[in-house]
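A.B. asks: no sequence on hand, only this structure:
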């Protein structure tokens with residue numbers, strides 16, 4: 001049988017390990033929650049920037065001569081763009 005001193009040391013180590021685990025888990029969870037919140041904020045900012053860019057492109061396409069200058073737009077026509085540039089350079 002183990003002496004009372006050894007048992008006290010064992011249980012003290014066990015309790016301190018459990019308490020350390022609880023506090024460490026809380027700190028990790030707090031860091032994870034903060035990172036998740038920052039990611040959500042960044043994602044919202046990115047969506048707002050995309051919406052502003054789409055609105056700006058829509059407004060630019062509504063005014064002017066109707067030539068689409070964004071090469072990633074499916075309605076983009078390179079020949080019309082060249083014709084517009086030639087007209088502007090004269």
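C.D. replies: Here it is on my side, so go on. Please read all numbers here as calculations on a predicted model, not as lab measurements.

A.B. asks: pLDDT of the longest helix seen in the chain, averaged?
C.D. replies: In terms of residue count, the longest helix belonging to the chain (DSSP state H) is helix 4-62. For helix 4-62, the per-residue pLDDT values average out at 94.

A.B. asks: over to stretch 78-90?
C.D. replies: The average pLDDT for stretch 78-90 rounds to 86.

A.B. asks: that one: which residues count as buried?
C.D. replies: Applying a neighbour-count criterion of 16 or more other Cβ atoms under 10 Å, the buried positions in stretch 78-90 are residue 84. Where C-beta positions appear, they are placed from N, C-alpha and C, glycine not excepted.

A.B. asks: quick one: contacts of it?
C.D. replies: Residues lying outside stretch 78-90 but in contact with it, judged by Cβ atoms under 8 Å, 6 or more residues apart in numbering, are 65, 67-69.

A.B. asks: buried only: go through those for me.
C.D. replies: The neighbour-count test (16+ other Cβ under 10 Å) marks 67-68 as buried among the contacts of stretch 78-90.

A.B. asks: possible to save the contacts of stretch 78-90 as a markdown table with distance to residue 43?
C.D. replies: Compiled in a markdown table, the contacts of stretch 78-90 are given as follows (distance: Cβ to Cβ, whole Å):
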| residue | distance to residue 43 |
| --- | --- |
| 65 | 37 |
| 67 | 33 |
| 68 | 28 |
| 69 | 28 |
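
A.B. asks: now the contacts of stretch 78-90 in JSON lines, with secondary structure, pLDDT and distance to residue 17?
C.D. replies: JSON lines is the format used below for those (DSSP: H, G, I helix; E, B strand; the rest coil; pLDDT from 0 to 100; distance: Cβ to Cβ, whole Å):
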{"residue": "65", "secondary structure": "coil", "pLDDT": "70", "distance to residue 17": "74"}
{"residue": "67", "secondary structure": "coil", "pLDDT": "79", "distance to residue 17": "71"}
{"residue": "68", "secondary structure": "coil", "pLDDT": "80", "distance to residue 17": "66"}
{"residue": "69", "secondary structure": "coil", "pLDDT": "80", "distance to residue 17": "65"}
